[in-house]
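Engineer: okay, here's the prediction I keep looking at, along with the sequence it came from:
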Amino acid sequence: MSRFLLRRVLIAPLVLLALVSATFFLIRLAPGSPFSGEREFPPETERALMARYRLDRPVGVQYLHFLGGLARGDLGPSLKHRGRSVNEIIAAHLPVSACLGTLALVAALGGGVAAGMAAALRARRWLDYAVMSAAVLGISLPVFVIGPLLQMGLARTWKLFPVSGLGTWRHLVLPAVALALPFTARIARLTRAGFIEVLNEPFIRTAQAKGLRAHTILLRHALRGGILPVVSYLGPAVASITTGSLVVERVFAIPGLGREFIESALNRDYTLVMGTVIVYGAMIVLCNLATDLLYGVLDPRVRASRGGP
């Protein structure tokens, strides 16, 4: 197990470097430049700006210069936010996105596991059918549909929460719910399947024959095996929540890093695009590493198959 994790730790920086390199070269294949937009600059002014930000140099030289700055932790100045560095923009907007994503993930895990366990314990009964029907509906609706529906129902009609923006904790409720609902549905289905399989195992029947209470069997014996499918889904879930937050922040006008990424891509702000890609890529890689570690801790068979204690 330790050798497997060591390999993953060594591969993670290479994966991140490949992602960053691909993004660096792909955004430079797009037509135009960061300064060729709605505001027309005289040719000599545009050339001066290109020279100032070293965009007039060969792409290979720009790439090496970028890697040098990355090694120092300097992501460079933003091409559109005058007087602000990419590091400053990320530091200002990342906490908002991290808070939103964490709330959505916690809500999805709590609601999905609870609903899945309830459905598994009442398998093929009305509660099971109701939970699974709601799960299918939740999976079918994309975030950009759920968001406006919540805005119209809970914000505009009933006025329970603000429509958009960020000021108090109430502004995060609807975005977090919109982001969490599809993943709550998926986690509920995975939890139900995992618990139904575990509850039919011989060691569960042995525990029942010994007269153990139902909640003891559920929490001490079935829980660890039942949530394994959910643990394996955590890595893709974090990646999906990360990409979903881009849409949610746009719909609810939340000043998070996702909205900055979309605007920087539309404005061809090369340095800010690279900075946000690095942050999101690192988050996904680290979460996948944590998922592998947690899966090995929960399932002894995985530790044995990977040659670890």
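Structural biologist: All right, it came through fine. Residues are numbered from 1 along each chain as shown.
Engineer: next one: the nearest residue to residue 244 once chain neighbours are set aside from residue 126, what distance?
Structural biologist: Excluding its sequence neighbours, the residue lying closest to residue 244 (C-beta to C-beta, 6 or more residues apart in numbering) is residue 143, at 4.9 Å. Just so you know, the C-beta spots here come from the backbone N, C-alpha and C atoms, and that holds for glycine as well. The gap separating residue 143 from residue 126 is 29 Å, by C-beta to C-beta, to the nearest Å.
Engineer: buried set for stretch 78-98?
Structural biologist: Within stretch 78-98, the residues that count as buried by 16 or more other C-beta atoms under 10 Å are 78-81, 85-86, 89-90, 93-94, 96-97.
Engineer: so for residue 143 and residue 126, which sits in the more crowded spot?
Structural biologist: When neighbours are counted by other C-beta atoms under 10 Å, residue 143 and residue 126 differ, and residue 143 comes out ahead with 23 against 8.
Engineer: confidence score at the more buried one?
Structural biologist: At residue 143, the model reports a pLDDT of 92.
Engineer: check contacts around it.
Structural biologist: 178-179, 182, 244, 247-248, 251 (C-beta atoms under 8 Å, 6 or more residues apart in numbering).
Engineer: what do you get if the cut-off is 7 Å, keeping everything else the same?
Structural biologist: 178-179, 182, 244, 247-248 (C-beta atoms under 7 Å, 6 or more residues apart in numbering).
Engineer: again with residue 156
Structural biologist: Counted by C-beta under 7 Å, 6+ apart, residue 156 has contacts residue 163.
Engineer: quick check: it vs residue 259, distance?
Structural biologist: 21 Å.
Engineer: can the contacts of residue 143 go into CSV with extra columns for pLDDT?
Structural biologist: Below are the contacts of residue 143 laid out as CSV (pLDDT from 0 to 100):
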residue, pLDDT
178, 96
179, 96
182, 95
244, 87
247, 91
248, 94
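Engineer: need these in CSV with secondary structure, neighbour count and distance to residue 272, can you?
Structural biologist: What follows is the contacts of residue 143, written out as CSV (DSSP: H, G, I helix; E, B strand; the rest coil; neighbours: other C-beta atoms under 10 Å; distance: C-beta to C-beta, whole Å):
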residue, secondary structure, neighbour count, distance to residue 272
178, helix, 25, 25
179, helix, 28, 23
182, helix, 23, 28
244, helix, 25, 20
247, helix, 19, 19
248, helix, 28, 20
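Engineer: let me know the closest of the residues you listed to residue 58.
Structural biologist: Distance to residue 58 across the contacts of residue 143 (C-beta to C-beta) is lowest for residue 247, with 36.1 Å.
Engineer: quick check: the closest one touching residue 144?
Structural biologist: Yes. Between residue 247 and residue 144 there is a contact under C-beta atoms under 7 Å: 5.2 Å.
Engineer: so which residues of the stretch 1-150 of the chain form helices?
Structural biologist: In the stretch 1-150 of the chain, the segments counted as helices under DSSP state H, counting those that start in this stretch are 2-27, 43-52, 59-71, 86-121, 126-140, 143-150.
Engineer: in terms of mean pLDDT, which of those ranks lowest?
Structural biologist: Mean pLDDT values for the helices of the stretch 1-150 of the chain show the minimum at helix 43-52, a mean of 86.
Engineer: in that one, what's buried?
Structural biologist: By 16+ other C-beta under 10 Å, the buried positions in helix 43-52 come out as 46, 49.
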